[in-house]
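Trainee: Dropping the sequence and predicted coords here.
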Amino acid sequence: MELRHFRYFTAVAEQGGFTKAAAMLYVSQPTLSQQIRALERELGVPLFLRAPDGVRLTAAGEVFYGHAGAVLRMVDEAARATRRAGAEPSVLRIGWSPPIPHALHVPIASAFSAAYPQVRLSWRETSLPDPERPLLDDDVDVALLRLPVDSERVLWEPISDEPCGLAVPVGHPLCELDSVDVAEVLDEPMPNVGDAVPESMKRWWLLPGSRNGEYPEAVGDPVNTVTELALSVVLNGVVCPAPYLYVKTAAVHGFRALELRGGPDSATGVARRRDDERALPRLFCELAAQVAGSAGAGLGL
């Protein structure tokens, strides 16, 4: 039994006769009839009831039709998947939101380049107000992102944790502490985060989940970037939660970084779009998780 038998049989069943099916398949009617006869002999049962006005399926033919359709769909999907694999990009576009804990992007990139030397890695820095937007808009293929992410559209796997930080201006009553509990800052005014920042990100920065959904007193002009947030902390004398590395590496001076105990999760992870079935983005994410896991033993992750 050959694949053409499945295609010939299905064409006759769907066209209701040999003449139309032969024309559709670009074969002669005698050839098509011979092939269907050969298929029936191999199966040992008639598949069609033949009449002057056309053909219809026998009970056995109905059963075979269902299976033949499934076989052809599987073959077509195998062909499409193979073509997609053959069309994999020679460049993998990677988004990243620095700073990355323990500079993990370096060993991840090195390991991927060693495993797939034919693929060139192209890096794009992402930042507030919407660091995952380049991934969702297909401007990058994968991304190294901190929480929060859109879990409905993004597959995200953590590769590193870091403490949640709190930016505190010099001279603030909390400034001399090394850490503070989240409950101790809920009454503090915070920067006026602008409307350009996605709601999920705004909830992360301003902690309404810890205030029964209430946002803090907003001070100053609206801000939409990390640098603007840092400037607002200094110029307006307010505090602001942030991933600890953001606070420690900010280019703005005049505030200290405290650890915010009980603050929101600031894990960094590797992400790809849920609807992206290509192999390279998946392989990069898998390798990134493996490299991070191996590095974690030596870095105390």
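Mentor: On my side now, so go ahead. Numbering: from 1, shown residues only.
Trainee: quick check: longest helix of the protein.
Mentor: Assignment by DSSP state H gives helix 59-86 as the longest helix of the chain.
Trainee: could you give the mean pLDDT of that helix?
Mentor: Across helix 59-86, the average pLDDT comes to 85.
Trainee: Quick check: which helices or strands does that helix pack against?
Mentor: helix 3-15 (3 or more Cβ pairs under 8 Å, 6 or more residues apart in numbering; DSSP states H and E). C-beta here means a position set from N, CA and C on the backbone, and glycine is covered the same way.
Trainee: Which neighbouring elements make contact with the helix it packs on?
Mentor: Right, helix 3-15 is packed against helix 18-25, helix 29-43, helix 59-86 by 3+ Cβ pairs under 8 Å, 6+ apart.
Trainee: Mean neighbour count, those: which tops it?
Mentor: helix 18-25 (a mean of 17; mean count of other Cβ atoms under 10 Å).
Trainee: Centre of the chain to that one, how far?
Mentor: 45 Å (Cα atoms, centre = their mean, to the nearest Å).
Trainee: Now do that helix against helix 29-43, angle only.
Mentor: 100 degrees (axes from the mean of the first three to the mean of the last three Cα atoms, to 10 degrees).
Trainee: Quick one: work out the angle between helix 18-25 and helix 3-15.
Mentor: Counting by the same axes, to 10 degrees, helix 18-25 lies at 120 degrees to helix 3-15.
Trainee: in which helix or strand would I find Asp150?
Mentor: Taking DSSP states H and E as the definition, one finds Asp150 inside no helix or strand.
Trainee: Looking at the helices and strands packed on helix 3-15, spot the one closest to Pro134.
Mentor: Within the helices and strands packed on helix 3-15, the stretch nearest Pro134 is helix 59-86; the backing value is 22.0 Å (Cβ to Cβ).
Trainee: okay, the closest residue to Glu214 other than its chain neighbours: pLDDT?
Mentor: In this structure, Glu214 finds its nearest non-sequential neighbour in Pro208, 5.9 Å apart by Cβ to Cβ, 6 or more residues apart in numbering. Pro208 is assigned 94 on the pLDDT scale.
Trainee: Check Val197 too.
Mentor: 86.
Trainee: For it, which non-adjacent residue is closest in space?
Mentor: Pro129 (4.2 Å).
Trainee: which ones are touching the one you found?
Mentor: Gly194, Ala196, Val197, Pro198, Met201, Asn224, Thr225 (Cβ atoms under 8 Å, 6 or more residues apart in numbering).
Trainee: OK, contacts around Ala271?
Mentor: Contacts for Ala271 (Cβ under 8 Å, 6+ apart) come out as Glu132, Leu135, Val142, Ala143, Leu144, Leu145, Val149, Val154, Leu155, Trp156, Glu157, Cys285.
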